[in-house]
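Asker: Provided below for reference: sequence and predicted model.
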Amino acid sequence: MPEAQHSEVIDATPDVVWELLVDKMENPSKYVPGVQECRILRKDGPYSMRRRMKTTEFEVEEEITADPERRSVDFVLVDHPFYTGKVNNIVTLGPNEETTLAFHLQWIEKDGVHPPTLDLQEAVRKAVMHTKELAEGKQ
């Protein structure tokens, strides 16, 4: 089971980082390298949707739900050529008032498929670092 996670302390308020995660739901190309196209298939309010995204590697459909109280977003794979599973993005405020952003990818390879070799750990790290740069630039 491919699993990857990365977290970073960010010099921005949790609200600033949360705004970016909510924006990422509808505008993934700002945050995810290789996104060529994104189509919202269904929207059930500001924190729940289904989208279809085309990247340079594959096409994927995701069910996305966000929890504003927890400042957490789940991207659940509905239709992916190689994997099932999800990615979670969460913003937390630590005991010393530090804002932390964490991404956790948990995918399961589908039976009988041979996915391309991807460095998922590095992809998750880069995604967190890119979001960190955007958040710190908004301060």
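Answerer: Good, I have the coordinates.
Asker: what about the nearest residue to His80 once chain neighbours are set aside, neighbour count?
Answerer: Leaving aside its sequence neighbours, His80 sits nearest to Val60 (C-beta to C-beta, 6 or more residues apart in numbering; 4.7 Å). C-beta here means a position set from N, CA and C on the backbone, and glycine is covered the same way. By other C-beta atoms under 10 Å, the residues close to Val60 number 19.
Asker: ditto for Ile108
Answerer: By other C-beta under 10 Å, neighbour count at Ile108 equals 14.
Asker: Who does the one helix or strand it maps to pair with, and is each partner parallel or antiparallel?
Answerer: Take DSSP states H and E as the rule and Ile108 turns out to sit in strand 99-109. Each strand paired with strand 99-109, and its direction, by DSSP bridges: strand 3-10 (antiparallel), strand 83-93 (antiparallel).
Asker: can you pull out the helices in the protein?
Answerer: 14-26, 120-138 (DSSP state H).
Asker: hey, least reliable of those by pLDDT?
Answerer: Between the helices of the chain, the one with the least mean pLDDT is helix 120-138; it has a mean of 93.
Asker: Now do it: distance to the chain's middle.
Answerer: 10 Å (C-alpha atoms, centre = their mean, to the nearest Å).
Asker: ok and it relative to helix 14-26, angle-wise?
Answerer: In terms of direction (axes from the mean of the first three to the mean of the last three C-alpha atoms, to 10 degrees), helix 120-138 departs from helix 14-26 by 120 degrees.
Asker: Which residues in helix 120-138 does the neighbour count mark as buried?
Answerer: Buried positions in helix 120-138, judged by neighbour count with 16 or more other C-beta atoms under 10 Å: Leu120, Ala123, Val124, Arg125, Ala127, Val128, Thr131, Lys132, Leu134, Ala135.
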